[in-house]
Structures are given as structure tokens and as C-alpha cells.
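no sequence on this one, just coordinates:
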Ligand SMILES: C[C@@](CO)(OP(=O)(O)O)[C@H](O)COP(=O)(O)OP(=O)(O)OC[C@H]1O[C@@H](n2ccc(N)nc2=O)[C@H](O)[C@@H]1O
Ligand SMILES: Nc1ncnc2c1ncn2[C@@H]1O[C@H](COP(=O)(O)OP(=O)(O)O)[C@@H](O)[C@H]1O
């Protein structure tokens, strides 16, 4: 059995430039990985089948699973005559804005590259990953990046200043498609992407906290007002910078001082079942 780690991502900035003719949105976002991971187990099968199981009751255990799609795509593209049993130990909340499914797909690509002896580069895996979903390419590489296009064009940047992240997910799932679909770009306030890059390059924690921004908040806040409340609570309990990740509903708070985490964590536990205090991960993936 080969085990591969599949970490969650957060969006430090998420800007939408325009809606494209293919119905995707042209984005500009800074993404980084955090130390909250699913664990993917891969075991070779001689019978040519792809089988999938997970510890979560809400994640599909058939061809709708993004990890299954990753295996199928590699199998079809490279005419692989072996199968695989995939097990997913799910730690990342589902439909949360943390790219759990995309990261599972990316980890499956990296793992099967080794298990099936395909010898593909990370760049090739990232290119394949884009066929599964817009966030999969970033998840193939991990680390910290500026993502453009529909999210699949990846430019690596330095890792942000070291800090803690508190993640709080209210008990609702959010559909990424409906959030993008509800976005009104007229008069919207765009995040300061280049200021965020400067903050990261200069290792300036305060500037990083001031530069957080996500245009999708406006949509999700209207659909689910409890997300606004969680953001306010996170600030009240002492986080230095607070933002919704991706299309939500997870809200994350940045904290540079370990002694303040307990108060924020315990305060949020009163509102959300799923609360995590984690570190930024930083390191980029190598081939599994
Ligand atoms: C919002 C973000 C931010 O990182 O993450 P999540 O909240 O999903 O974690 C991503 O852009 C989500 O990426 P991902 O979840 O891979 O989306 P996809 O499966 O490619 O697309 C799902 C749907 O979202 C819309 N979509 C997605 C990406 C994009 N740049 N423009 C879009 O309009 C499209 O309607 C598409 O059909
Ligand atoms: N391996 C997987 N893990 C989680 N969700 C998955 C997976 N495969 C498919 N899905 C489906 O993808 C949808 C989005 O899940 P997820 O990736 O967790 O959220 P997000 O796109 O908000 O980051 C879910 O509704 C789920 O049914």
C-alpha cells in the first residue's frame, strides 16, 4: 500500500477579472497549503478495476469521486493495464472551499504515477489535473502560488510568513458553481493581489493580514449570513486577519502568536462543529 498526503488549500486572495465565453471565470488568486490533510491509500489490483472507498459518508464512492476520475484519466491516457484500490481517510471538510476533492485527485495522480511506473513530471500531472477541475493543478504542486486562467495556470511564489491558521466551517455546504454564478462584477472591490505578493516576498505578516481579500465573499455572505457572523466572531476572538476561503463557507483566521489560538479555537467551537488550528505547510510536493 502506498500512502500519499493530500493537504487542504486556502485562498489568501481571490479575484475574478471577467466571465469567459466558456462560462468559467478568469481568476487571479494566491493559494497556499495548510497542515490539514486527507490520506490517500493506493493498492495495486491485477484485475484492471478502479475501486474506491472513504471514511466519509458524504463523499461519493464511485466515478463521481475526483480521485476515481484521476485514476481513470491516467489509465485511459497512458493505456494502463492494471487497476487500483483507493482508500480515502477524509480529514478535510467536504464542500468547504478547501479543495479537499481536488487535493485527493492530485494526490492520486502523484501516487499512481509511482505505483503504475509512469514516470511523468509534476508539470504533466498538473496539466492532466486541469481536466478534472480548476484547482487540481495547484494541488499537484502544493506550496504557495499565484493561480490565473481558470485557476490552472500556476506561478510559484515564496511561502508566506510563518503563522497559525484557525479554520472554521459552519454546517452548510456551498456549491462552487452557484457562487460563481451569483457573482456581480459591477462595482465590486478587488483584492490587492500585488500587495499580497509584496507582503509575502518581504515576509511582512501585518501587510499579509491587511491584504487578504476574496470577491466571492459577497455572494456567499448573501446566500449564508451565518458565514458573516463567523467572520465577525473570528475577529472578535482575536485573529489578526480573517477571510472566507474559496467559495466558502470555511472562514480562516491568521494568528502569529500561539498563546491566542486557544481562545479563538474555543470561541469558534461554540458556533461550528468543524474547527481546526493548523500551520501553513509551505513545502512544495515532490514526485510521490
Ligand atoms: C473557488 C475555488 C477557489 O480556489 O475553490 P473552491 O471554493 O471550490 O475550493 C476554485 O476556483 C474552484 O475550483 P474547482 O472547485 O476545481 O472548480 P471546477 O470543478 O473547475 O468548476 C466548478 C464550477 O465552478 C465554476 N468556475 C470554476 C472555476 C472558475 N475559474 N470559474 C468558474 O466559473 C464553473 O461554473 C464550474 O462549472
Ligand atoms: N474525494 C472527494 N472528496 C471530497 N469531495 C468530493 C470528492 N470527490 C468528489 N467530491 C464532490 O465534490 C464536491 C466538492 O467537494 P470539495 O472538493 O470538498 O469542496 P470545494 O470544491 O468547496 O473545495 C462535493 O460535493 C463532493 O460530493
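Good, I have the coordinates. The shown structure was predicted, so the numbers you read here are calculated from the model rather than taken from an experiment. Ligands and ions are numbered 1, 2, ... in the order given.

Now do the strands in the stretch 151-288 of the chain.
Assigned strands in the stretch 151-288 of the chain, in chain order: 153-156, 164-169, 213-214, 241-244, 251-255, 274-279 (criterion: DSSP state E, counting those that start in this stretch).

Mean neighbour count, distance to ligand 2 and mean pLDDT added to the ones you listed, as CSV?
To be clear about C-beta, it is placed using only N, CA and C from the backbone, and glycine gets the same treatment. Below are those laid out as CSV (neighbours: other C-beta atoms under 10 Å; distance: least, C-beta to the nearest ligand atom, whole Å; pLDDT from 0 to 100):
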stretch, mean neighbour count, distance to ligand 2, mean pLDDT
strand 153-156, 15, 17, 98
strand 164-169, 26, 10, 98
strand 213-214, 22, 13, 98
strand 241-244, 24, 11, 98
strand 251-255, 26, 13, 98
strand 274-279, 17, 12, 97
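
Can you tell me which residues in this protein are near ligand 2?
59-60, 64-67, 88, 94-102, 104, 176, 246-247 (C-beta under 6 Å from any ligand atom).

5 Å - rerun?
59, 65, 66, 67, 94, 95, 97, 99, 100, 101, 104, 176 (C-beta under 5 Å from any ligand atom).

Could you list the paired strands of the helix or strand containing residue 53 along with their orientation?
Residue 53 belongs to strand 50-54 when elements are defined using DSSP states H and E. Here strand 50-54 has these sheet partners by DSSP bridges: strand 83-89 (parallel).

Buried residues, the strand it pairs with. List them.
Along strand 83-89, these residues count as buried under the neighbour rule (16 or more other C-beta atoms under 10 Å): 83, 84, 85, 86, 87, 88.

which of the residues you listed lies closest to ligand 1?
The closest of the buried residues of strand 83-89 to ligand 1 turns out to be residue 88 (C-beta to the nearest ligand atom; 16.8 Å).

Please name the residues that touch that closest one.
38-41, 52-56, 59, 65, 67, 104 (C-beta atoms under 8 Å, 6 or more residues apart in numbering).

give me that answer again for 6 Å
38, 40, 54, 104 (C-beta atoms under 6 Å, 6 or more residues apart in numbering).

The residue in the stretch 1-150 of the chain positioned nearest to ligand 2: neighbour count?
In the stretch 1-150 of the chain, the residue that lies nearest ligand 2 is residue 101 (2.8 Å; C-beta to the nearest ligand atom). Residues near residue 101, counting by other C-beta atoms under 10 Å, number 27.

That one sits in which helix or strand?
helix 100-115.

quick one: residue 71 from residue 100, how far?
17 Å (C-beta to C-beta, to the nearest Å).
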